[in-house]
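Engineer: Mind looking at a prediction? Sequence and model below.
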Amino acid sequence: MFNIMNVVHNVKKKMKGTILSKKFGEIRAEEKEARKVHLASVAEGIMRERGIEAVTVRNVAAAAGLSTGAVYLYFRTKEEIFVHLLVRRLSALAEAVSAALDIDEPKEAIRAMAESYRAYYLAFGQYIDVFRYLALGEKTMEAVSPEMAAEVKASLARVLGKLEDFLRTPAMTKVLRGLDP
């Protein structure tokens with residue numbers, strides 16, 4: 001016998017976890033994050049092609065085909081754009097350092113970490129300029145929200161924590177024992 005309630009129940013079960021089952025607020029939050037990531041990628045392209053000084057809200061908006069006001073919906077300042085990029089790249093570096101932790105041979109692990117950092121620097125060396133800009137520029141971290149400033153600190157702590165974990169492994173303490181600091 002055909003039971004409409006069974007059909008509805010089965011459809012709901014199949015939809016669970018799909019975009020159709022998500023609440024409107026969840027979808028909007030995901031869309032907003034996707035737009036934010038896209039704008040940050042546009043800014044990253046500008047920085048790579050023309051340097052850090054060329055990254056302005058106006059230039060990001062123009063390159064993205066938006067008004068400057070639209071960019072301000074996602075980033076209050078250009079410094080927030082920089083912080084977003086920095087956090088993204090620090091997270092990638094933390095993952096690379098984590099992968100090196102899985103290598104049993106200390107010298108190979110150190111080599112892998114050094115290579116990870118080298119690759120990071122070659123690909124994203126301009127982020128060193130972002131650090132300098134945020135630390136020494138006329139607008140410092142005060143130009144970003146407290147949440148974003150905390151995110152930078154947390155990202156740096158993750159990278160440094162991974163390095164510390166590595167240096168505290170038994171294999172590394174054995175290698176480092178007796179070396180002058």
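Structural biologist: Structure received. Residues are numbered from 1 along each chain as shown.

Engineer: Residue 153: helix or strand, and which one exactly?
Structural biologist: helix 146-167 (DSSP states H and E).

Engineer: who's in contact with the helix or strand that that helix is followed by?
Structural biologist: Next along the chain after helix 146-167, taking DSSP H and E as the criterion, comes helix 170-176. Around helix 170-176, the neighbours that count as contacts under C-beta atoms under 8 Å, 6 or more residues apart in numbering are 104-107, 109, 166-167. C-beta here means a position set from N, CA and C on the backbone, and glycine is covered the same way.

Engineer: from the residues you listed, which would you call buried?
Structural biologist: Neighbour-count burial (16 or more other C-beta atoms under 10 Å) applied to the contacts of helix 170-176 gives 106, 109, 166.

Engineer: Take those residues and lay them out in CSV including pLDDT and distance to residue 28.
Structural biologist: Output for these, formatted as CSV (pLDDT from 0 to 100; distance: C-beta to C-beta, whole Å):
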residue, pLDDT, distance to residue 28
106, 81, 48
109, 84, 43
166, 81, 40
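
Engineer: Return the closest of these with respect to residue 56.
Structural biologist: residue 166 (38.9 Å; C-beta to C-beta).

Engineer: returning to that earlier point: any chance of the buried ones among the contacts of helix 170-176 in JSON lines, with distance to residue 82 too?
Structural biologist: Compiled in JSON lines, these are given as follows (distance: C-beta to C-beta, whole Å):
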{"residue": "106", "distance to residue 82": "35"}
{"residue": "109", "distance to residue 82": "31"}
{"residue": "166", "distance to residue 82": "28"}
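
Engineer: which of these lies closest to residue 79?
Structural biologist: Looking across those and measuring by C-beta to C-beta, the closest to residue 79 is residue 166, at 31.4 Å.
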